[in-house]
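Peer 1: Using only what follows, build the 3D model:
(chains A, B and C)
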Amino acid sequence: MNNKLVATLLKELKKMPIIDPHTHVRQGQPVAAHLGDLLGYHYYTELSNSSRGTPVALPDDPDERIDYVWPHLPNLRGTVQFDWMMGISEVFYGIKRGDWFSKSKKEIVSRAQKVIQSKSYEKLVWEKSNVTQVYLTNQFDEALDDVKDARLVPCLRTDDLAFNADTANSIARLDKSYKTNSGGSLAAWRGVLKKVFDRFTTAKMGYCAVGLPPSFTVEPVSDDDAGALLKILAAGERFSPEQKKIWASFAIVEIAKECRRTQTPFVLMAGADRGVYKQGVPSGTDLFRCDGHLRGYDWLLNEFPDVRFPFMAVNDTAGMELATMGWIRHNVYPFSHWWYTNNPLDIRRELRRRLDVLPRTKFIGFHSDGYSLEFTLPKFNTYRLQLAIVLAERIDEGKIGGSTVLEPMTVDSALELAERIMLANCGAILSK
Amino acid sequence: MNNKLVATLLKELKKMPIIDPHTHVRQGQPVAAHLGDLLGYHYYTELSNSSRGTPVALPDDPDERIDYVWPHLPNLRGTVQFDWMMGISEVFYGIKRGDWFSKSKKEIVSRAQKVIQSKSYEKLVWEKSNVTQVYLTNQFDEALDDVKDARLVPCLRTDDLAFNADTANSIARLDKSYKTNSGGSLAAWRGVLKKVFDRFTTAKMGYCAVGLPPSFTVEPVSDDDAGALLKILAAGERFSPEQKKIWASFAIVEIAKECRRTQTPFVLMAGADRGVYKQGVPSGTDLFRCDGHLRGYDWLLNEFPDVRFPFMAVNDTAGMELATMGWIRHNVYPFSHWWYTNNPLDIRRELRRRLDVLPRTKFIGFHSDGYSLEFTLPKFNTYRLQLAIVLAERIDEGKIGGSTVLEPMTVDSALELAERIMLANCGAILSK
Amino acid sequence: MNNKLVATLLKELKKMPIIDPHTHVRQGQPVAAHLGDLLGYHYYTELSNSSRGTPVALPDDPDERIDYVWPHLPNLRGTVQFDWMMGISEVFYGIKRGDWFSKSKKEIVSRAQKVIQSKSYEKLVWEKSNVTQVYLTNQFDEALDDVKDARLVPCLRTDDLAFNADTANSIARLDKSYKTNSGGSLAAWRGVLKKVFDRFTTAKMGYCAVGLPPSFTVEPVSDDDAGALLKILAAGERFSPEQKKIWASFAIVEIAKECRRTQTPFVLMAGADRGVYKQGVPSGTDLFRCDGHLRGYDWLLNEFPDVRFPFMAVNDTAGMELATMGWIRHNVYPFSHWWYTNNPLDIRRELRRRLDVLPRTKFIGFHSDGYSLEFTLPKFNTYRLQLAIVLAERIDEGKIGGSTVLEPMTVDSALELAERIMLANCGAILSK
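Peer 2: Below you'll find the model as predicted:
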C-alpha cells in the first residue's frame, strides 16, 4: 500500500459532498433523538446478541438498549460496524474512542445526549457530513406531505406489495389509504398501483425498489392466475410458498410497467432470506446463501428495455455476475455494496472489478443504508478509505505499466472518476 | 505494492516471446484490414451498447461500426478493455492515447488506416508482439490448407457437433464436407467424426475444444438413445432442451474417444449461457451464473484417464474449484483466465492461488481469445502486469518469512516460473 | 506491503505458543517414525499423482512412498504444501531446502532418519514447535486410555455414526466396543450413543465433530423412519442415497442432543464430496463444489440454541456466508481455514473479513489438520505470515484513516487480537 498516496486521495475524497442514494432515514426525524437510537441500530444489537452466547430478547427502551449492547462493545473493537459508531462519537459528539472504554457508561451517555438534545443538532449533522441529498425508503401508504426538506428524496419500497403482500395486509392498507377496493379485481388493483405511482411521482420520488430472495425467478403470470391469487389476498388469507412466488412475479411485472409509464428507475435488491435465525433480534435474523444467482431476472430485464434497473446483491459470490450484467446489459446498473458485502474487503474487490470492466457511467459508488443520518458520514468514510486504496493502487499500476499497458491515472483523474461514481451517477442513473 | 520490484519484473516479462494458446484469429487474415475490425471487436460494441441507455442495432460497415462506438469511448477510459485498444494504438500505430480524445475521429482513423494498409503491417504486428505461436479456433468443416504460416496452430472447435448440433446444421455440413451420410446411423456418424479428427491430425492440430453451459453434467448415453436423437438431427429438426443435453453428453464422450485415439488434448470451456440478453450486439449476449459448478465432469474425467483436459471456467466463483481439480486430478489442467474472468482482479486472485497450490507443470498462464492478432500483445501485457505484481509480492513474502516459512524467490526464479507457465506448459500440455 | 511492519509482526507471532485445535495426530505416536510418514502425507502423494500424467497406485512401504514422490518434488517448489515439508526439514532436521535438490535422495533420507530415530525426537518437535495443546480426532470405538500426554485432547469424530453408518459397520463396531445390541431398537442405539459421550466426557474430550457433504440439509426425522433405517443398518445392508441422507439427519440430531446433555461443542465440517476421483491416492480423491451453501443447517442451529457449533467450510465460496452466520447467530463460530481453503490467498481474504465484521470472540484462528505433530509448526507459520500481512495492512489503514474513520491499531493491540483468536478463543469456544 502506498500510504502517502492513499492519504492524499482520502483527504481529497473527504472534501467532497455526499449523496446518499439509499437509506431508511425517517423523513420527519432524520437524526437520532437518543443515543439509544444509534446503539440500538441492528448492527449493534445483533452483534451483542451474537456475542453473548445465550440469546436474550431485545428491550424497547433506549436506555435499556444501551445496557443491552454496552457489555459487548469491547469485543467489537476493530470491527467496521463499531467504527461507524465511533466515527459518530468523535465527529459529532467530540467523544474520543478511548473514552468509551476508560470512562463510565453514564458519562458517555450524558455527553452524547447533551449534543443530541441541543437545538442545532440536526443542522450540525447535516453540515459536518456535507450531505446534499438523502434518498429515503417509503411505504406505499406512507404520508409524504411532511417531506419538507428538499434534500430528502422519497423512494417507493414495494416489498409489501410483492413478497409480503399477504402478511403485510397490503389490500386493507391500499384500500384505507387510497379509498378503493383494490382486492375487487385485477383492474382495481392495477388502478390503485397507478395511484400509488402517481402520488409518489407528484412527491418527486427518486426510484422504486423491491427486495428479492436468493435466486428468485420473475416469470410471466397470466391474469387468470393473478386474479385467483388476488382473491386470496382480498380474503386476508396467507399464500402458500408457491403462491407467494407467483404473486411476487406478477406484482414485480406490474410495478415494472408503472416504472415504464412514469419513467421511474426500478431498484432490485437481491439475495436476502428473511427471518431464518430464530433467536435473533429485530432486523438481525436474515442471511443469504452463497449459491444465490441473478439469472432469474433475464426475462424481466429483456422485457423492459426502457426501464433502468439499478441492482444490488447481498451475497459476495454474485459480485462478478452483477458486474458482467452491468457490462453487457444496457439497463442494469450495479448499485453500491449492500449490507453484508459492505465491508472493506468486499468493497475493495467489487470496486476494483467495476472500475476495470464497466463504463464509468454504469455503476453507483456507495450508499449508507442507515436509519439515522448520523451513519451516512462514517459509512461513507469506510468506503472512501477503500476507494482511496483502490485508486492509489491503480495509479501506481499505471506508473509501472506505462501508457502502452494501461491508462495512466493521476490524482486528479482518479478524483474525477470518484466524483463520477459517487455523485454524478446518482443524478444520471437515479433521476427520472 | 513494491513498485520498483514490479517494474523490474514487468520489464523482463515484456522481453519474453508469446505463445497465445487460444484465439479466434482468422488463419487467412490474422490481422485487421480496417480499424473498424478492431473497434468492432465485441468488447467495444457491447460496452457501447451497454453505455447508450437505449439499445441500438450494430451496423455491418466498418466505418459505421467506428461511428457506433466512438461517442462512448470517453466512458470506457480506465477500463481494461479499452486499454487493449490503446495498447494497439500506441504500439502499432504510434497514436498516443491522448490523441483519441484531443484529435478528430477522422484524423485517428486516417492515421490508423495508413499503418493497417501498409504492406508490412502483418509483419510489424508479429514482430512487435514477439509472438511465436498462435492457436486457432477451427470449425470441423473449415478448410485447413491455407494455414501456411507454421506459427498458426489449427484447433478443432466442436460446439457445432455437440450443443449446437441441431441449430448449426451439423449433419448437412458433415455430409457436404466429408462426402458421407453422417445421419444414416451411429456408425456413420462415428465414422465421419473419425475423419474429422484424422484430417485435423494431418493438419497438426493443437487440441480439440468445446464450450459448455453452466453446471452441465456429462453422463453415459446408450446407443439406442443416441441413435434416436441422430434421427432427429438427420431430419433437420430441433432438439428439445432435454434432448439437447443428452446429445451433447453423447457427442462429448465420442469426441473424448477420438481425443484418446489421436492423443489430442480436449479443452473444456465451462460456464457460459449463450444468448440470454435480448437487445445485445453479436457476441454480446452471453452471461454466466455464479452457482455454475464443475462437478458434472467427474464421470468424464474418471472415464478418460488417458486424455488431457485443459480446463477453462468463465465464472469467478469456480476458480478455486478448478484449482483443486488441477491439484488432485492428474488429467485436469487449469487453463488461463477466460473471458469475464480476464480482468486484473480475477487474474491476480487465480494466479496467486494456482502458484501456491498447483505443481508448476499443471496450469497454463494466459491466452488472448482475440479475433485479430493485434490484441495478443496488449492482452498479454495486462496479464504480465498482474503476474509481475503477484510475483513481486511472493518475492517479498519470501524475504520476510525466510526459508523456514516459505521458499525464497528471486527475480530469476520468478521469471523461470513465469516462463514455465506461459511458454513451456503450452508445449507440454497442449501438444499431442 | 509494508515489509518492515510485516516482519516485525511475524517475529512476534512466532514467539507465541501454539494451540492446534484440530488434527489427526495419533495419540500413541504423535510424531513420524520414518521420513516416509511425512512424505507419504496425502498432500505429497496426491500432488505427485497429479503431476505424473498417468496415475500410479501408491505403495505402502515408507521407502517406496519416498520413491513415489521424489521425482515430482521439483515441480512442487514454491507451493505452500511443499513449504510445510521444507519447514520441517529446516527446523527439525537441519536440512536446508537447497539440499533437497543438490544432494542425493539417499543423503537426505539418511540425515532425516538420523534425527527421527533419535531418542529425544518427539521432545524436540514439541519444544521447537512450542505447542501447548493438540486436539485429536478419535473414532467412537477407539481406546482412549493411552492418551497420557495432557497436551493431547481427545475429540469424538462421528462420521462413522452418521454418513458412513452403513459402510463403516457402525452397528457391529458399537456392539463390540460397548457390549450392547445397538441395532435392536432406537432406544438401544440412543443408549449406546449416550455411553459413547459418557466415555469421551470422562476422557475430557474437547469437542465432537462431523463431516458433511456439500449443501446438506438437516431435517427432523420421525422415530418410525429412523427405526426402519436402523433395521437396515442392523442387517449389515447398505443405504440408498436417499436413506443415507435421512439417517445422517437423524444421527446428527441425536448427536446434537448428546452435545447438549454433556455441554460439548459440536464442530460441523461442511462441503467435501468424498471419493469422486477414481484414480486418486488414498485421501486424495475428494473435491468440493462451488455452489455448496450452508443454509441447510438453519433448522439444526435454531433447534439447539444451547449448543456451540464451531463451523468449517471447505469451499472458498462459502467464506462470506459462514462469516455472516458467525456475525448473526449466537451459536456459530467460524473455525479456521479448512483443507483446500488453507492457502495464503484464501486465508488472507477470510481473515480480513472476519477481523472486520465479527466480534473478536466469535472465531478460531487456525488449525493444522496434520497427521503428524511435525506439520503443526510449518502450517501455523504459513498462517502467521498471512496474519502478519493482514494486521500490518490494518495498522497502516488505521494510520491513514485516523480515529474518525477506523480504530487505530498498534503492533501491541494487533498482537493482542492475534493472541485472542489463536489461543484464548480455543479455550473459550472449544472447552466444555
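Peer 1: got a list of contacts for stretch A:397-414?
Peer 2: Stretch A:397-414 has contacts (CB atoms under 8 Å, 6 or more residues apart in numbering or on different chains) with A:5, A:8-9, A:12, A:391, A:394-395, A:417, B:1, B:3, B:6-7, B:10, B:77-78, B:80, B:82-83, B:86-87, B:90-91, B:96-97, B:344, B:378, B:381-382, B:384-385, B:388-389. Any C-beta I mention is one placed from the backbone N, CA and C, and that applies to glycine too.
Peer 1: If any of those are buried, give me the PyMOL selection for them.
Peer 2: This is the PyMOL syntax for the buried subset of those, where burial follows 16 or more other CB atoms under 10 Å in any protein chain shown:
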select buried, (chain A and resi 5+8+9+12+391+394+395+417) or (chain B and resi 1+6+7+10+77+78+80+82+83+86+87+90+91+97+344+378+381+382+384+385+388+389)
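Peer 1: Also near chain C: which of the contacts of stretch A:397-414, exactly?
Peer 2: The subset of the contacts of stretch A:397-414 within reach of chain C, by CB under 8 Å from any CB of the partner chain, is B:M1.
Peer 1: Narrow the contacts of stretch A:397-414 to those in helices?
Peer 2: A:5, A:8-9, A:12, A:391, A:394-395, A:417, B:3, B:6-7, B:10, B:80, B:82-83, B:86-87, B:90-91, B:344, B:378, B:381-382, B:384-385, B:388-389 (DSSP state H).
Peer 1: Now do the same contact list for the spatially closest residue to A:K128 that is not a sequence neighbour.
Peer 2: Sequence neighbours aside, A:V91 is the residue nearest to A:K128 in space, at 5.8 Å (criterion: CB to CB, 6 or more residues apart in numbering or on different chains). Applying CB under 8 Å, 6+ apart to A:V91 gives the contacts A:128, A:377-378, C:404.
Peer 1: Likewise for A:F197?
Peer 2: By CB under 8 Å, 6+ apart, A:F197 lies in contact with A:156, A:208, A:258-259, A:261-262, A:264.
Peer 1: Make sure it is indeed in a helix.
Peer 2: Yes: secondary structure of A:F197 (DSSP: H, G, I helix; E, B strand; the rest coil): part of a helix.
Peer 1: Next SSE downstream of the stretch of helix or strand A:R190 belongs to?
Peer 2: Element membership for A:R190 (DSSP states H and E) is helix A:186-202. Downstream of helix A:186-202, the first helix or strand assigned by DSSP H and E is strand A:208-212.
Peer 1: mean confidence score for that following strand?
Peer 2: Taken as a whole, strand A:208-212 has a mean pLDDT of 98.
Peer 1: ok, the residue nearest to A:L212 when sequence neighbours are not counted to chain C distance?
Peer 2: Among residues not flanking A:L212 along the chain, A:A270 sits closest, at 4.5 Å (CB to CB, 6+ apart). Remark: distance between A:A270 and chain C (CB to the nearest CB, to the nearest Å) = 15 Å.
Peer 1: Same check on A:L406?
Peer 2: 21 Å.
Peer 1: Using the three-state scheme, assign that residue.
Peer 2: Under three-state DSSP, A:L406 falls in the coil class.
Peer 1: same question, A:Y333
Peer 2: From three-state DSSP, the assignment for A:Y333 is strand.
Peer 1: Quick check: beta-bridge partners of the residue nearest to A:L212?
Peer 2: Listed by DSSP bridges, the beta-bridge partners for A:A270 are A:L212, A:A313.
Peer 1: can you pull the contacts of it?
Peer 2: A:212, A:214, A:216, A:292, A:294, A:297, A:311-314, A:318.
Peer 1: most neighbours, which of the residues you listed?
Peer 2: A:A313 (31 neighbours; other CB atoms under 10 Å in any protein chain shown).
Peer 1: what about that residue, distance to A:E12?
Peer 2: 30 Å (CB to CB, to the nearest Å).
Peer 1: try A:S336
Peer 2: Using CB to CB, A:S336 is found at 21 Å from A:E12.
Peer 1: and A:M409, how many neighbours?
Peer 2: A:M409: 21 neighbours (other CB under 10 Å).
Peer 1: sec struct for it, please.
Peer 2: Assignment for A:M409 (three-state DSSP): coil.
Peer 1: hang on, A:I19 in a strand?
Peer 2: Yes: in this structure, A:I19 lies within a strand as judged by three-state DSSP.
Peer 1: Who is it paired with across the strands?
Peer 2: In beta-bridge terms (that is, DSSP bridges), A:I19 pairs with A:Q133.
Peer 1: give the contact list for it.
Peer 2: Residues counted as contacts of A:I19 (CB under 8 Å, 6+ apart) are A:131-133, A:422-423, A:426-427.
Peer 1: pLDDT score assigned to the residue nearest to A:K128?
Peer 2: 98.
Peer 1: next one: A:L351
Peer 2: We have a pLDDT of 98 for A:L351.
Peer 1: Which element, helix or strand, includes it?
Peer 2: Here A:L351 sits within helix A:344-357, counting by DSSP H and E.
Peer 1: Now tell me what touches that helix from outside.
Peer 2: With CB under 8 Å, 6+ apart, helix A:344-357 has contacts from A:80, A:316, A:319-320, A:323-324, A:326-327, A:334, A:337, A:340-341, A:363, A:382-383, A:385-387, A:389-390, A:393-394, A:417, B:78-81, B:340, B:343-346, C:320, C:349, C:352-353, C:356, C:397.
Peer 1: mind checking how far A:G28 is from B:S368?
Peer 2: Distance, A:G28 to B:S368, by CB to CB: 58 Å.
Peer 1: So between these two, which is more surrounded?
Peer 2: When A:G28 and B:S368 are compared for neighbours, B:S368 comes out ahead with 30 against 10, by other CB under 10 Å.
Peer 1: re the thing from before, the helix holding A:R190: how far from the chain's middle?
Peer 2: 24 Å (CA atoms, centre = their mean, to the nearest Å).
Peer 1: Which parts of it count as buried, going by neighbours?
Peer 2: Buried residues in helix A:186-202 (16+ other CB under 10 Å): A:186, A:188-190, A:192-197, A:199-201.
Peer 1: And the furthest pair within these?
Peer 2: By the measure CB to CB, A:L186 and A:T201 form the most distant pair in the buried residues of helix A:186-202, at 22.1 Å.
Peer 1: Would you list the phi and psi of the spatially most central residue of chain A?
Peer 2: Of all residues in chain A, the one closest to the mean position by CA atoms, centre = their mean is A:D369, 3.8 Å from it. For A:D369, the backbone dihedrals (degrees, to the nearest 10) come out as phi 60, psi 10.
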